[in-house]
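Undergrad: got a structure for you, letters missing:
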């Protein structure tokens, strides 16, 4: 995977030695891995210099995998509708250990927008979906988790004390939604609600520049709740 990620980062054909250096492995080990990828059709040689580059096989395989994703297959139209209604970035995420994993990101059509991508990991305490996950914990379990996990300051607005975070989460419970205001990315506000799919808690969020998000917060909350109801009517969400 690190070999494939090297092409994503460098955005050009790479030599065997460059791949070995990027991965921090011996050239001999890189050679064996590259040989496997070549033989299975994931890489090809682009020139006499034997520069390497991925083939479309990776794209085709990824498209097939995404098409049968157990979460996204049935909820994609609802996510698309939410993006259309809000004109902001829509995110679906779940907890993975002590971070949030974005399962799907539909970016806003607007030029100035919050940008991310599926597969990115975000802190629990500074992301709106992360607050959904923390807010689902009972008080005793949450305090135990907080005692064992420092709250790093991601931006100048990040909540970094346990008591402040507990107050913030309690406010989210009262409102029925959780908000971050420049806590994970400066000048970006996000609002998230919990949804349960296949008996697993996920977070559905809308995020965008604070100057657009904050005046429209209640409208976005209403749209998120409508999306939640649509998923329930489809029998996808509980």
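TA: Done, it's in. Note that the structure is a prediction, hence the values are computed from the model and not measured.

Undergrad: Can you find the helix or strand of the protein with the lowest average pLDDT?
TA: helix 57-67 (a mean of 85; mean pLDDT, DSSP states H and E).

Undergrad: Just the buried positions in it, please.
TA: Within helix 57-67, no residue counts as buried by 16 or more other Cβ atoms under 10 Å. Where you see a C-beta, it was placed from the backbone N, CA and C, and this is true even at glycine.

Undergrad: Over to stretch 159-179?
TA: 159, 162, 165, 166, 168, 169, 172, 177, 178, 179.

Undergrad: Skipping adjacent residues, who's closest to the second one in space?
TA: Read that as residue 162. residue 146 (4.5 Å; Cβ to Cβ, 6 or more residues apart in numbering).

Undergrad: Can you tell me how far the one you found is from residue 127?
TA: To residue 127, residue 146 is 16 Å away according to Cβ to Cβ, to the nearest Å.

Undergrad: These two: which is more packed in?
TA: Shown here are residue 146 and residue 127; by other Cβ atoms under 10 Å, residue 127 has more neighbours (29 against 18).

Undergrad: Report pLDDT for residue 29.
TA: Predicted confidence (pLDDT) for residue 29: 93.

Undergrad: Residue 238 now?
TA: On the pLDDT scale, residue 238 gets 63.

Undergrad: how many neighbours does the nearest residue in space to residue 115 that is not next to it in sequence have?
TA: Nearest residue to residue 115, sequence neighbours excluded (Cβ to Cβ, 6+ apart): residue 107, at 5.9 Å. Close neighbours of residue 107, defined as other Cβ under 10 Å, add up to 17.

Undergrad: quick one, what contacts residue 107?
TA: Shown in contact with residue 107 (Cβ atoms under 8 Å, 6 or more residues apart in numbering): 89, 113, 114, 115, 116.
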